[in-house]
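Here's a sequence, model it:
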Amino acid sequence: MFRKIIHWLIMPCSKATQEIEKQEGGYKMSLFQRLRLQAHLAICKWCSAYRKKVVYLDKKLSTIIRKEQNTLLKEIDIQNFKDNIKEKIKK
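Now for the predicted structure:
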C-alpha cells in the first residue's frame, strides 16, 4: 500500500513511460523531471523493465541503421567503380 501511495505521488506509470521515451529520444529534461523519473524507476519494476527494453531496442535499431547505411555506401561505391570501368573501356 505504501509503495502505491509513493508511486502515485512521485509519478504514475503512464507519465513515466512518456518520460522514458523522451529521455531515450534525446529530449532535454529538467533536473526535476530526471529526479522524478529516477525515483519512479527505483520503486517500479515494470517501468524499469520497460526502460531496459527501450534502451535495448534503440541500440539494436541504431546498429541496423548503421549497417544499412554502410551497405548503401558500398553499393554506391561499387556502382561508381563499374561506371568508371565502362568509361575507360569505351575510350
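
Return the backbone torsion pair for residue 25.
phi -80, psi 0 (degrees, to the nearest 10).

Need the pLDDT of it.
For residue 25, the pLDDT comes out at 83.

before we move on, what about residue 8?
So, for residue 8, pLDDT stands at 67.

Also residue 81?
pLDDT, read off for residue 81, is 76.

do you know how far it is from residue 75?
Applying CB to CB, to the nearest Å, the value for residue 81 to residue 75 is 11 Å. All C-beta spots, glycine's among them, are computed from the backbone N, C-alpha and C.

any idea which element the residue nearest the centre of the chain lies in?
Residue closest to the average C-alpha location in the chain (CA atoms, centre = their mean): residue 58, at 3.2 Å. Using DSSP states H and E, residue 58 falls within helix 45-90.

tell me which strands and helices that helix is in contact with?
Here helix 45-90 touches helix 13-24, helix 31-43, going by 3 or more CB pairs under 8 Å, 6 or more residues apart in numbering; DSSP states H and E.

So residue 33 sits against residue 16, correct?
No: if you go by CB atoms under 8 Å, residue 33 and residue 16 don't touch, sitting 10.6 Å apart.

more neighbours, those two?
residue 16 (23 against 16; other CB atoms under 10 Å).

Let me know the pLDDT of that one.
Looking at residue 16, the pLDDT reads 91.
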